[in-house]
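>>> from the sequence below, what's the structure:
(2 chains)
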Protein chains: 2
Amino acid sequence: MKILKILVSNDDGIYAEGIFTLVKELSKIAKVFVVAPDRERSATAHAITMHKPLRAEKVEIFGPEVTAFKINGTPSDCVKLALDALLEEPPDFVISGINRGPNLGTDVIYSGTVSAAIEAAIYGIPAIAASVTAYEEISFEYPAEFIRKLCGSIKNKEFPKDSLLNVNIPNLEREKIKGIMITHLGTRKYKNCFHKRCDPRGKDYFWLAGEVIEDLLDIDSDVWAVKNGYISITPIHFDLTKYELIDTLKTWDIDY
Amino acid sequence: MKILKILVSNDDGIYAEGIFTLVKELSKIAKVFVVAPDRERSATAHAITMHKPLRAEKVEIFGPEVTAFKINGTPSDCVKLALDALLEEPPDFVISGINRGPNLGTDVIYSGTVSAAIEAAIYGIPAIAASVTAYEEISFEYPAEFIRKLCGSIKNKEFPKDSLLNVNIPNLEREKIKGIMITHLGTRKYKNCFHKRCDPRGKDYFWLAGEVIEDLLDIDSDVWAVKNGYISITPIHFDLTKYELIDTLKTWDIDY
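Just a heads-up that it's a prediction; the model follows:
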């Protein structure tokens, strides 16, 4: 029987509880490699490091069965470096997470967690970004179990080309989860984002703050799903082309 | 007659030649505001700064008519801060650039230039990301003129909601440009990305390098257009949902 090979990364850093619980759980069904940032890298989006060298330091925090490296870079750097330089052969899956906090709607374009999975999809490897939709009192046990089962369910499917799965799991006990919804990205924006303050030397500075605005009426969206107790799975891709507009723009009379 | 108000940002930093030439040219038709990073921020993608305060320092490098701030943050930070805190009213356009180097195909998800324009689109403001497809011996004069004319051509159009334009201009003399193509994002990936080296203390490190692989057979793509002397305009959006896959995933038997 072929054993699955899974590369795990994240954006909360290699010492985060979410990645630890995930690796432990995935080790039951797979040979797991971990390549993750050496510290928290949230909201780094798809940043990559070009102007300084990257270091890969071997760590043994996941036990003797798991090869793990911490990297002084972003989640995207980790996946690039793993696939191009650290792993001997491509893994069957790349899983990014489990993130502390949701990655829903417009969050996705800011998310380091999702960017690591997108990077894998660019390399043509089946990828999953996994998040728990709470910031405190999180139990990662069931979410990790769900991701393990998901890998089992889909390992024999034809994973869609140039795509990946964005999974958000409500922070609920197993019995309270209502089911799985296949969703589209919903609306989750921020309003009144900056607090202006004055420093002790009389100079202004700004803190990003912001109140979340969610569209809870969009019932097929990821935002609605997790708010109502469902695990949300959204198929996403990295082709940002708005195809429907190509013909419209061709009718615009643009001079050059 | 209503005068256009245009917010300009970039990722090469406020002192870059591309933004300087653009601002000078746009000032002919608009009241221009500049909010841009205080230094180069290439490949920051859609990173945002949440864990440290942002500073906005007024600068007068564009002359007395142009209000300009430099920010210790990313291109996305600049646009957020401009729209939420620095500008009194929303601009008619947000233009990001002119970037030194192409933003084609998969580049787009790593691009700070494009992320600033995406941020504006999230706020519902018509936005353009502009790049010249060369790194050296660039003439920004004609590209800036083209972007000015583009604003003129489209100011009375209904700018499509939740979308923006990604413009790549070949680094050619005006007479050698063959025309405009409305394109989709093409394929532009990188291969063999890391050089492994050893430091003077015997420890390994890695430099991101990489050879570009472009699909030049995809003749409606941005990659093909600029390679063949056309200005490429690609409509893009920030909804990464892969809608075509939703029904397929619903047929997968996923257990939870």
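
>>> surely A:N171 and A:Y135 touch.
No - taking contacts as Cβ atoms under 8 Å, A:N171 lies outside contact range of A:Y135: 9.0 Å. Bear in mind the C-beta positions are built from the backbone N, C-alpha and C, glycine included.

>>> looking at these two, which one has more neighbours?
More crowded of A:N171 and A:Y135, by other Cβ atoms under 10 Å in any protein chain shown: A:N171, with 20 against 10.

>>> what is the burial count for the nearest residue to that one once chain neighbours are set aside?
Using Cβ to Cβ, 6 or more residues apart in numbering or on different chains and skipping residues adjacent in sequence, the residue nearest A:N171 is A:A134, 3.6 Å away. Per other Cβ under 10 Å, the neighbour tally for A:A134 reads 16.

>>> tell me which helix or strand of chain A sits lowest on mean pLDDT?
The weakest-scoring helix or strand in chain A, judged by mean pLDDT, DSSP states H and E, is strand A:188-191 (a mean of 78).

>>> near chain B at all, that one?
Yes - using Cβ under 8 Å from any Cβ of the partner chain, a contact is recorded between strand A:188-191 and chain B, made by A:K189.

>>> report the buried residues of that strand.
A:R188, A:K189, A:Y190 (16 or more other Cβ atoms under 10 Å in any protein chain shown).

>>> any idea which of those residues is the one closest to chain B?
A:K189 (6.7 Å; Cβ to the nearest Cβ).

>>> contacts for the helix or strand that contains A:Y142 next, please.
Using DSSP states H and E, A:Y142 maps to helix A:141-154. Residues outside helix A:141-154 that contact it (Cβ atoms under 8 Å, 6 or more residues apart in numbering or on different chains): A:4, A:6, A:21-22, A:24-26, A:28-30, A:93, A:95, A:97-98, A:126, A:128, A:130, A:132, A:165, A:167, A:169, A:173-174, A:177, A:231, B:252-256.

>>> could you check the angle the helix or strand following it makes with helix A:141-154?
With elements assigned by DSSP H and E, the helix or strand that comes after helix A:141-154 is strand A:163-169. Angle of strand A:163-169 versus helix A:141-154, following axes from the mean of the first three to the mean of the last three Cα atoms, to 10 degrees, is 150 degrees.

>>> convert strand A:163-169 to PDB, retaining C-alpha atoms only.
Taking Å, rounded to 0.1, in the frame of the first residue of the first chain, the C-alpha atoms of strand A:163-169 are listed here in PDB:
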ATOM      1  CA  SER A 163      -7.300  24.800  -7.900                       C
ATOM      2  CA  LEU A 164      -7.200  24.200  -4.200                       C
ATOM      3  CA  LEU A 165      -9.600  23.900  -1.300                       C
ATOM      4  CA  ASN A 166     -10.100  26.500   1.400                       C
ATOM      5  CA  VAL A 167     -11.600  24.900   4.500                       C
ATOM      6  CA  ASN A 168     -13.000  26.700   7.500                       C
ATOM      7  CA  ILE A 169     -14.100  24.800  10.500                       C
END
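
>>> chain center to that strand, what's the gap?
Its chain's C-alpha centre and that of strand A:163-169 lie 8 Å apart, by Cα atoms, centre = their mean, to the nearest Å.

>>> what's next to the helix or strand following it, contact-wise?
Note on strand A:163-169: by DSSP H and E, the next helix or strand toward the C-terminus is strand A:179-182. The contact list for strand A:179-182, computed with Cβ under 8 Å, 6+ apart, reads A:220, A:225, A:230-235, B:246, B:249-250, B:254, B:256.

>>> the residues you listed, buried ones only, as a PyMOL selection?
Applying 16+ other Cβ under 10 Å to the contacts of strand A:179-182, the buried members can be selected in PyMOL as follows:
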select buried, (chain A and resi 225+230+231+232+233+234+235) or (chain B and resi 246+249+254+256)
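
>>> let's have the contacts of strand A:179-182 in JSON lines, adding distance to B:N156, secondary structure and pLDDT.
JSON lines is the format used below for the contacts of strand A:179-182 (distance: Cβ to Cβ, whole Å; DSSP: H, G, I helix; E, B strand; the rest coil; pLDDT from 0 to 100):
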{"residue": "A:D220", "distance to B:N156": "35", "secondary structure": "coil", "pLDDT": "94"}
{"residue": "A:A225", "distance to B:N156": "40", "secondary structure": "helix", "pLDDT": "97"}
{"residue": "A:Y230", "distance to B:N156": "44", "secondary structure": "strand", "pLDDT": "98"}
{"residue": "A:I231", "distance to B:N156": "46", "secondary structure": "strand", "pLDDT": "98"}
{"residue": "A:S232", "distance to B:N156": "40", "secondary structure": "strand", "pLDDT": "98"}
{"residue": "A:I233", "distance to B:N156": "42", "secondary structure": "strand", "pLDDT": "98"}
{"residue": "A:T234", "distance to B:N156": "36", "secondary structure": "strand", "pLDDT": "98"}
{"residue": "A:P235", "distance to B:N156": "37", "secondary structure": "strand", "pLDDT": "97"}
{"residue": "B:I246", "distance to B:N156": "36", "secondary structure": "helix", "pLDDT": "96"}
{"residue": "B:L249", "distance to B:N156": "42", "secondary structure": "helix", "pLDDT": "94"}
{"residue": "B:K250", "distance to B:N156": "43", "secondary structure": "helix", "pLDDT": "94"}
{"residue": "B:I254", "distance to B:N156": "49", "secondary structure": "coil", "pLDDT": "91"}
{"residue": "B:Y256", "distance to B:N156": "52", "secondary structure": "coil", "pLDDT": "92"}
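
>>> and the stretch 1-150 of chain A, which residues reach chain B?
Residues of the stretch 1-150 of chain A found near chain B (Cβ under 8 Å from any Cβ) are A:42-50, A:53-56, A:76-77, A:80-81, A:84-85, A:106, A:108-110, A:115, A:118, A:122, A:146, A:149-150.

>>> quick check, stretch A:223-233 touching chain B?
Yes - residues of stretch A:223-233 contacting chain B under Cβ under 8 Å from any Cβ: A:I231, A:I233.

>>> distance between the ends of that stretch?
11 Å (Cα to Cα, to the nearest Å).

>>> what about the helix or strand A:K5 falls within, distance to the chain center?
Using DSSP H and E, the element containing A:K5 is strand A:4-9. The chain centroid and the centroid of strand A:4-9 are separated by 14 Å under Cα atoms, centre = their mean.

>>> now do it against helix A:141-154: the angle between them, please.
140 degrees.

>>> so how far is the following helix or strand past strand A:4-9 off the chain centroid?
Per DSSP H and E, the first helix or strand lying C-terminal to strand A:4-9 is helix A:17-26. Its chain's C-alpha centre and that of helix A:17-26 lie 14 Å apart, by Cα atoms, centre = their mean.
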